[in-house]
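[1] here is my input; please provide its structure:
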Amino acid sequence: MELDRFRKGSQHKERKPLTMKTWTGVELTCPEALADELAAQAAQLFQVAVEVNGDRVLFYPPRERSPEDVERALDTLLKGFARALSLPSRLLYRVFSLEDEGWAHRWKEHFKPLHASRSLVVRPTWESYEAGPGERVIVMDPGQAFGTGHHETTRLCLQWLEDQRIPREGGGGSVLDVGTGTAILAMGAALLGWQSVRAVDTDPEAVKAAGENIALNGLRERVRLSQGSAADVSGVFDIVLANIEALPLVRMAPPLAERVAPGGRLALSGILEEQTESVENAYLMQGLRREDAREEGEWRLLAFNRERKEKP
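    Numbering: from 1, shown residues only. Got it, this is the predicted structure:
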């Protein structure tokens, strides 16, 4: 049952309550060039995985949020988005309902085994895949968390991580994955050979999905998972990863930079081209030095290092 047609603004209609076996779905329509940016903001606001298909952005908000609550949040999101980009008109959206079987079927249609980097392959639980020589397979179910390897920001992180040298002294290197989502980056780090991996996320649903994926891949002893942020983690790491979004990355610059060990590296993803300078400046102010920048489509990854101080 479709709950409403395409809508503008905050018009309101009576709605029948959704049963526990039904998901609320949202489809946004915007210029195709802006779809990735809008998807990133929707993913951050609703803390869910988001699908982009041309000029359409599709996602399923958490069940505990009523359709009315979802629509209020959408109105605020789209007003701000249109105003920030000086769009001539308000964006359209559609709210609909989908039975559990439809939700699972839609994910299975779009989530196939993916070569996310030279050696890392992401395989959903419902698909089979025979690994080739040198390939490492991440088996996962996205649940309600963000990160399947299909988005450019995730692939940029995995590809960058694969290019980093693992220190053999001191136990094989350490990695911190902040905003872990499905734990895809943390699991990728462990499979690539990093011996000590820490993963954190502030969203309890993400932590739940991450824990299930870590167990599914037999990595509980290699990946330590907890709910929280960079500020809740003690110690320093050889590699720090944060695939989030530009504004939170700017705000998180001090605690993220503090987690980078001398001689260590930090990779930031989820950044659009026009946001690169503000993010870079925030981390240069923390005493880090930019050493790399990568791009795929409209998305950028920035990598920094902390110089190792020479002993007197």
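
[2] can you pull out the strands in this structure?
    Read by DSSP state E, the chain holds these strands, from start to end of the chain: 22-29, 50-53, 56-59, 92-99, 114-115, 120-124, 136-140, 174-178, 196-201, 223-227, 237-243, 260-272, 289-296, 299-305.

[3] could you identify which of the ones you listed is most buried?
    strand 174-178 (a mean of 28; mean count of other CB atoms under 10 Å). For glycine as for every other residue, the C-beta is placed from the backbone atoms N, C-alpha and C.

[4] of all the strands of the chain, which one is nearest residue 250?
    With CB to CB, the closest approach to residue 250 among the strands of the chain belongs to strand 260-272: 9.8 Å.

[5] so how far is residue 219 from residue 139?
    As defined by CB to CB, to the nearest Å, residue 139 lies at a distance of 10 Å from residue 219.

[6] pop the domain breakdown of the protein in here.
    Described in terms of automatic domain parsing, the domain architecture of the chain consists of the residue ranges 22-107, 112-305.

[7] let's have those in CSV, adding mean pLDDT.
    Compiled in CSV, the domains of the chain are given as follows (pLDDT from 0 to 100):
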stretch, mean pLDDT
domain 22-107, 81
domain 112-305, 90
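
[8] longest helix of this protein?
    Ranked by residue count under DSSP state H, the longest helix found in the chain is helix 67-84.

[9] so which elements touch that helix?
    Applying 3 or more CB pairs under 8 Å, 6 or more residues apart in numbering; DSSP states H and E, one finds that helix 67-84 makes contact with strand 22-29, helix 35-46, strand 92-99.

[10] chain center to that helix, what's the gap?
    Here the centre of helix 67-84 is set off from its chain's centre by 21 Å, with CA atoms, centre = their mean, to the nearest Å.

[11] next, the buried residues of that helix.
    For helix 67-84, the buried set under the neighbour-count rule, 16 or more other CB atoms under 10 Å, comprises 67, 70-71, 73-75, 77-78, 81-82.

[12] the inter-axis angle of it versus helix 35-46?
    Between the axes of helix 67-84 and helix 35-46, defined by axes from the mean of the first three to the mean of the last three CA atoms, to 10 degrees, the angle is 140 degrees.

[13] once you drop chain neighbours, what's closest to residue 242?
    The shortest distance from residue 242 to any residue other than its chain neighbours is 4.4 Å, reached at residue 178 (CB to CB, 6 or more residues apart in numbering).
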